[in-house]
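J.: no sequence for this one, just the structure:
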Ligand SMILES: Nc1ncnc2c1ncn2[C@@H]1O[C@H](COP(=O)(O)OP(=O)(O)OP(=O)(O)O)[C@@H](O)[C@H]1O
Ligand SMILES: NC(=O)c1ccc[n+]([C@@H]2O[C@H](CO)[C@@H](O)[C@H]2O)c1
């Protein structure tokens, strides 16, 4: 059995969740783990000097729990998938079967232990204006307070990205303003090619 972990990272509202879901639909025996599902409770997320809740940092996330879930998939992808309600398709031979885990989130490459598990890294980027516009139409829990994007989210993106660029080098950058179908076909082609060349 072969196992592959794909990382779909990128800026807030870059389109990570959209691309990951489409990839999961097109790749047999794949499933998604989303970093956004591991945010700590609001009551334990501190505010910065400006009163903005510090959500855009690894400290706001239960990375231990996320790593534990990834560990479960690594141990037994088949059981992991069925426990989450995904159908597992059997292939002609056990040797040729491939299981794919899609890990998606805005800080997946900034977490050393998680980053080191990822076999192929993609980063969705969009311009500042597009990011601000897309974010303004989203409602998080809790919702963004006035001034949050410019006063906290964008400066944190720049900071987190700098750290990522200093530590990770084999990144495929994707233009998140492209049509979702184009992004999907680009990444699918890349993965299918990779599956053909990696040893069984
Ligand atoms: N290729 C695209 N072109 C235009 N809009 C897109 C594209 N992909 C996603 N969007 C839109 O952008 C918004 C954010 O998409 P999505 O939730 O996939 O991003 P995300 O990176 O997972 O966001 P976050 O992690 O910050 O919540 C949604 O409104 C979605 O419909
Ligand atoms: N609990 C949440 O999901 C939550 C709460 C507040 C803010 N966010 C934002 O999610 C983005 C990552 O997808 C970050 O930019 C957070 O600000 C998420």
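T.: Cool, got the structure. Computed from a predicted model, the values in this text were never measured in an experiment. Ligands and ions are numbered 1, 2, ... in the order given.

J.: hmm, stretch 153-171 in reach of ligand 1?
T.: No. Stretch 153-171 does not reach ligand 1 (C-beta under 6 Å from any ligand atom); its nearest approach is 9.0 Å. The C-beta positions use only the backbone N, C-alpha and C, and glycine is treated the same way.

J.: quick one: the helix or strand where residue 17 lies near ligand 1?
T.: Using DSSP states H and E, residue 17 maps to helix 16-26. Yes. Using C-beta under 6 Å from any ligand atom, helix 16-26 reaches ligand 1 at 16-18.

J.: want to try JSON lines for those, with neighbour count as columns?
T.: What follows is those, written out as JSON lines (neighbours: other C-beta atoms under 10 Å):
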{"residue": "16", "neighbour count": "28"}
{"residue": "17", "neighbour count": "15"}
{"residue": "18", "neighbour count": "17"}
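
J.: How far does stretch 97-117 sit from its chain's centre?
T.: 7 Å (C-alpha atoms, centre = their mean, to the nearest Å).

J.: nope, stretch 59-75 is what I meant
T.: 13 Å.

J.: cool, and stretch 182-192?
T.: 16 Å.

J.: what does stretch 15-32 give?
T.: Taking mean C-alpha positions (C-alpha atoms, centre = their mean), stretch 15-32 and its chain are 10 Å apart.

J.: pLDDT of it, averaged?
T.: Averaging pLDDT along stretch 15-32 gives 97.

J.: now stretch 50-66
T.: 98.

J.: Stretch 135-144 now?
T.: Rounded mean pLDDT across stretch 135-144 is 96.

J.: before we move on, what about stretch 165-175?
T.: Mean predicted confidence for stretch 165-175 is 95.

J.: Repeat that for stretch 106-119.
T.: Stretch 106-119 comes out at a mean pLDDT of 98.

J.: quick check, distance from the lengthiest helix in the chain to the centre of its chain.
T.: Assignment by DSSP state H gives helix 180-197 as the longest helix of the chain. On the basis of C-alpha atoms, centre = their mean, helix 180-197 is displaced by 16 Å from the centre of the chain it belongs to.

J.: Does it pack against any helices or strands, and if so which?
T.: Other elements packing on helix 180-197 under the criterion 3 or more C-beta pairs under 8 Å, 6 or more residues apart in numbering; DSSP states H and E are strand 2-10, helix 16-26, strand 120-125, strand 171-175.

J.: any chance of those in JSON lines, with distance to residue 192 too?
T.: JSON lines is the format used below for the helices and strands packed on helix 180-197 (distance: least, C-beta to C-beta, whole Å):
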{"stretch": "strand 2-10", "distance to residue 192": "11"}
{"stretch": "helix 16-26", "distance to residue 192": "10"}
{"stretch": "strand 120-125", "distance to residue 192": "12"}
{"stretch": "strand 171-175", "distance to residue 192": "15"}
